[in-house]
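Novice: Provide a 3D model corresponding to the input given below.
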Amino acid sequence: MTENAPGIPLGAWLAELSDERLIRLLELRPDLTQPPPGSIAALAARAQARQSVKAATDDLDFRHLAVIDGLLVLHADTTAVPVSKLLELIGDPTAEAAVIAAVDDLRERALVWGDASVRVTTEAAAGLPWYPGQATVEAAEPTDIADRLAGIDEAQSDLLHKLLEGSPVGRTRDAAPGTPPDRPVQRLLAAGLLRQVDDETVILPRLVGRALRGELPGPVGLTPPDPVVSTTTAADVDAVAAGAVIDLLREVEVVLETLGTTPVPELRSGGLGVRDVKRLTKLTGIDESRLGLILEVAAGAGLIATGMPEPEPHDGSGPYWAPTVAADRFLESPTAHKWHLLASTWLDLPGRPSLVGSRGPDGKPYAALSDSLYSTAAPLDRRLLLDMLADLPPGAGVDATQASRAMIWRRPRWAVRLQPGPVGALLTEAHAIGVVGRGAITTPARALLAGGEGDDVVKAMDKVLPQPIDHFLLQADLTVVVPGPLERDLAEQLGAVASVESAGAAMVYRVSEASIRRALDTGRTAGELHAFFARHSKTPVPQGLTYLIDDVARRHGQLRVGMAASFVRCEDPALLAQAIGAPAMEQWEMRLLAPTVAVSQAPISEVLATLREAGFAPAAEDSTGTIVDLRARGARVPALPRRRAYRTQSPTSQTLGAIVAVLRKVAAAPSSGMRLDPTVAITQLQEAAHTQASVVIGYVDPAGVATQRVVAPINVRGGQLTAYDPASGRVREFAIHRVTSVVSADSA
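Specialist: A predicted model of the protein is given here:
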């Protein structure tokens, strides 16, 4: 390609690109394909539209935005500028290669075009999160901004906040030479808290503005900051994360069991009420912030949903949050598969669970499982965090502040939501989910982030998780220490006869009279319990436990409850008389049929519950006299479609190739007349608006009628010309792509 002359339009430059480079442009800027452009000129006009430029710069790092900043300082938006001048302005010989590479990247996006001399799109300033010049001209900012701000008076503070809330550029006569040095503007200039542009203009420096907003200073260097604050081995990181995964899955199962037993009503506005969340916190033993994360991930994975559960709650009003039928399949799945489902759900979760319990701008608390937590930016922030961690050496850990600095460098336009507070919340979530350990990314999380097949991710987690064990340690105080994850069947059996006392890498259960009675209620015998403990305990079975099992079993089941609707029978007439004579049993109107049998029309479950509340130890039996388990099964609601993950849909390479082929055919087709390139039209109209000169434009309206109009341009933005039309006596808007010619009214 030949050297570009100053002012070469973007459309002409695009027309000279190869098909491969045009396809690459459309890959990097998919918004340009919706709808497909009708010509190269239309593509160029759309590529320079404000919204498209903002979208194209959204995922650029500080280096790329600093290059755009430097080109705007050199006025490359109106004339071609040699790349050598850009390198001279930046003034960092060690970064020359990186700057040239950044210019090449910007060329691929058509934000910059040209070879040795380059132009930058006119709307490039809209893609900067700061005022042009604040990244290059202000590169060397003072490091003691906070101390300098602490020494200003009220007048200076008011002036700075006025610039902070509006445009950072202010016009004032106090900027001129000779102004008394005691004026607020002069004092701020002397303190380095304002920068002078000319004799009548000052600007609030970028880093001063960030300090006033209480934000991190923001990036200043062209190389990314090093966020590492600790180092360890990858094996240590994986081991810590494995412990977090075990805790997470246990807590998810507790939440599912709790919601299955007592479904929680949904608020009319959606989500769970504050009181219901506090009640769940008490029932599950999980703190509120962590519970919010578990509820959101469980809902995103389709494990809980809102609806009318089966069986229905007693009050019958609804809907309720309860486990879905998919929860049963989840509970039976292997540990690594469970984690894969939860981790992938969290990664793409379109919401911010960390907000649960805090208050929004309106003063109202964010409710768990409500739409108020919705955020399409949340998945982008999570992936940015994990991408940043994945680029570090294995075992390299970060903290919230350093991670925030590194993430802001990568995405300066996202700086407001990447401050240490939100990033710290993301790190907390990542540790809880088990994708991060000790501030470093785990091996399975790397596989998950790389988009590998599900089996690959599961295999990576299987290698990290400790192997299930088939034993536990009985203590003399009737506690059971479990030094690792139990095999699922063994965990279920132990859970039936003992209660969790403390959770963690080594769980502790406690055997009590109530837990043994619970096991006997399910049909287990004393002999089976003795055999269970003897078979799986690596320590001797305490004599106290043997006595306790025998004692509870001796008293258990002396009362038998059947169906009359229900009956109570007992071989001891005195015990039966005592039981049915209890005050709590009066409501069921028990009637003696014989000294050892009483009947009632109350349901068997109600009679059982009342006797147990009265201090007895009844057992349920079937028609053959065999003890049966009548525990209520958890409520379930139908499985709803999983929440749709936030994913951007990019056109396929085949589609992009077809779009480029059409553009080539249109360019090659004979034209009945020359049509003004939209880029040229934008430049001419912006110049006319700047000089307040009237022009004659050729314009084709939507009906295809061509006219000539004298207008006075006001501004050009977003592909629209705003101009005063003397013929109609009002301000009108004209689509740039319909402008066929622009001629000065003086020469027309």
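Novice: show me where pLDDT drops low in the stretch 101-250 of the chain?
Specialist: Low-confidence segments of the stretch 101-250 of the chain (pLDDT under 70): 139-143.
Novice: For it, which segments are assigned as helices?
Specialist: Taking DSSP state H, counting those that start in this stretch, the helices of the stretch 101-250 of the chain run over residues 145-150, 154-165, 184-190, 206-212, 234-261.
Novice: Give me the contacts around the second one.
Specialist: Right, the one you point to is helix 154-165. With CB atoms under 8 Å, 6 or more residues apart in numbering as the test, helix 154-165 has contacts from 149, 152, 169-170, 184-185, 187-188, 193-194, 203-204, 208-209, 212-213. C-beta: built from backbone N, CA, C; applies to glycine.
Novice: Kindly report the same for the fourth one.
Specialist: Residues outside helix 206-212 that contact it (CB under 8 Å, 6+ apart) are 130-131, 134-135, 138, 141, 145-146, 149, 160-161, 163-164, 168, 193-194, 216-218, 220, 415.
Novice: filter those residues to the buried ones?
Specialist: For those, a neighbour count by 16 or more other CB atoms under 10 Å gives the buried set as 130-131, 134-135, 138, 141, 145, 149, 160, 163, 168, 193-194, 216-218, 220, 415.
Novice: Just the ones of the residues you listed in strands?
Specialist: In strands, defined here by DSSP state E, there are no members of the buried ones among the contacts of helix 206-212.
Novice: Would you map the strands across the stretch 201-350 of the chain?
Specialist: Residue ranges of the strands in the stretch 201-350 of the chain, as given by DSSP state E, counting those that start in this stretch, are 201-203, 230-231, 264-265, 304-307, 320-323.
Novice: Columns distance to Pro540 and mean neighbour count on top of those strands, output as CSV?
Specialist: Formatted as CSV, these follow (distance: least, CB to CB, whole Å; neighbours: other CB atoms under 10 Å):
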stretch, distance to Pro540, mean neighbour count
strand 201-203, 80, 19
strand 230-231, 43, 14
strand 264-265, 44, 20
strand 304-307, 43, 24
strand 320-323, 40, 25
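Novice: okay if I get those as TSV plus distance to Leu592?
Specialist: TSV is the format used below for the strands of the stretch 201-350 of the chain (distance: least, CB to CB, whole Å):
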stretch	distance to Leu592
strand 201-203	95
strand 230-231	74
strand 264-265	42
strand 304-307	45
strand 320-323	41
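Novice: of these, which approaches Pro30 most closely?
Specialist: strand 304-307 (33.2 Å; CB to CB).
Novice: Check which strands are paired with the closest one and give the direction for each one.
Specialist: Strand pairing for strand 304-307, determined by DSSP bridges: strand 320-323 (antiparallel).
Novice: quick one: contacts of the strand it pairs with?
Specialist: 256, 259-260, 263-266, 272, 303-309, 313, 369, 634-637.
Novice: same check, this time on stretch 544-561
Specialist: Against stretch 544-561 from outside (CB under 8 Å, 6+ apart): 474, 476, 478, 511, 513, 516-517, 520, 525-526, 529-530, 533, 567-572, 575-576, 579, 604, 607-608, 611, 616-621, 625, 627.
Novice: Report the buried residues of that stretch.
Specialist: Buried residues in stretch 544-561 (16+ other CB under 10 Å): 545, 548-549, 552-553, 556-561.
Novice: Also stretch 199-214?
Specialist: So, applying 16+ other CB under 10 Å, buried residues of stretch 199-214: 202-212.
Novice: I'd like the distance from it to the chain centre, please.
Specialist: 31 Å (CA atoms, centre = their mean, to the nearest Å).
Novice: end to end, how far does it reach?
Specialist: 30 Å (CA to CA, to the nearest Å).
Novice: Give me the longest strand you can find in the protein.
Specialist: Longest strand in the chain, counting by DSSP E: strand 706-717.
Novice: Name the residues of it that are buried.
Specialist: 709-714, 716-717.
Novice: Quick check: what element follows it along the chain?
Specialist: Downstream of strand 706-717, the first helix or strand assigned by DSSP states H and E is strand 720-725.
Novice: can you pull the buried residues of that next one?
Specialist: 721-723.
Novice: That strand: how far from the chain's middle?
Specialist: 41 Å.
Novice: ok, whatever helix or strand comes next after that strand: who's next to it in the sheet?
Specialist: Of the helices and strands lying after strand 720-725 in sequence (DSSP H and E), the nearest is strand 730-735. Using DSSP bridges, strand 730-735 pairs in its sheet with strand 720-725 (antiparallel).
Novice: Extract the CA atoms of the helix or strand hosting Leu380 and return them as CSV.
Specialist: Element membership for Leu380, per DSSP H and E: helix 377-390. Extracted in CSV, the C-alpha atoms of helix 377-390 (Å, rounded to 0.1, in the frame of the first residue of the first chain):
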residue,chain,number,x,y,z
ALA,A,377,-21.4,-6.5,33.5
ALA,A,378,-20.9,-8.9,36.3
PRO,A,379,-19.8,-11.9,34.1
LEU,A,380,-17.4,-9.6,32.2
ASP,A,381,-15.8,-8.5,35.5
ARG,A,382,-15.4,-12.1,36.7
ARG,A,383,-13.8,-13.2,33.5
LEU,A,384,-11.5,-10.2,33.6
LEU,A,385,-10.4,-11.1,37.1
LEU,A,386,-9.7,-14.7,36.2
ASP,A,387,-8.0,-13.7,32.9
MET,A,388,-5.7,-11.5,34.9
LEU,A,389,-4.9,-14.2,37.4
ALA,A,390,-4.4,-16.8,34.6
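Novice: Just give the nearest non-adjacent residue to Leu22, would you?
Specialist: Val660 (4.8 Å; CB to CB, 6 or more residues apart in numbering).
Novice: Go through the helix or strand that neighbour falls within and flag the buried ones.
Specialist: For Val660, the element it lies in under DSSP H and E is helix 653-668. Across helix 653-668, burial judged by 16+ other CB under 10 Å covers 656-657, 659-660, 663.
Novice: Can you list the helices and strands that that helix packs against?
Specialist: If you count contacts as 3 or more CB pairs under 8 Å, 6 or more residues apart in numbering; DSSP states H and E, helix 653-668 packs onto helix 19-28, helix 40-47.
Novice: and those, which is most packed in?
Specialist: helix 40-47 (a mean of 24; mean count of other CB atoms under 10 Å).
Novice: contact partners of that one?
Specialist: 9-11, 14-15, 25, 29, 32, 37, 52-53, 56, 110, 121, 663, 666-667, 675, 677-679, 682, 719, 736-737.
Novice: Filter the residues you listed down to the buried ones, ChimeraX style.
Specialist: Selection of buried members from the contacts of helix 40-47 for ChimeraX, criterion 16+ other CB under 10 Å:
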select :9,10,11,14,15,25,29,32,37,52,53,56,110,121,663,675,677,678,679,682,719,736,737
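Novice: Could you list which of the buried residues of stretch 544-561 belong to helices?
Specialist: Mapping those onto helices (DSSP state H) picks out 545, 548-549, 552-553.
Novice: mind checking the backbone torsions on Leu193?
Specialist: Here is the backbone geometry of Leu193 (degrees, to the nearest 10): phi -100, psi -10.
Novice: Grab the nearest non-local neighbour of it.
Specialist: Val208 (5.3 Å).
Novice: List the contacts of the closest residue in space to Gln684 that isn't next to it in sequence.
Specialist: Nearest residue to Gln684, sequence neighbours excluded (CB to CB, 6+ apart): Val742, at 4.3 Å. If a contact means CB under 8 Å, 6+ apart, then Val742 has 676, 680-681, 684-685, 688, 695-698 as its contacts.
Novice: Apply 6 Å and report the result again.
Specialist: With contact set as CB atoms under 6 Å, 6 or more residues apart in numbering, Val742 has these partners: 681, 684, 695, 697.
Novice: same check, this time on Leu128
Specialist: Contact analysis of Leu128 by CB under 6 Å, 6+ apart lists Leu65.
Novice: Over to the one 10 residues further on?
Specialist: Glu138 makes contact with 205-206, according to CB under 6 Å, 6+ apart.
Novice: measure it to Asp551 for me?
Specialist: Glu138 sits 81 Å away from Asp551 when distances are taken as CB to CB, to the nearest Å.
Novice: now do Gln51
Specialist: Gln51 is 77 Å from Asp551, by CB to CB.
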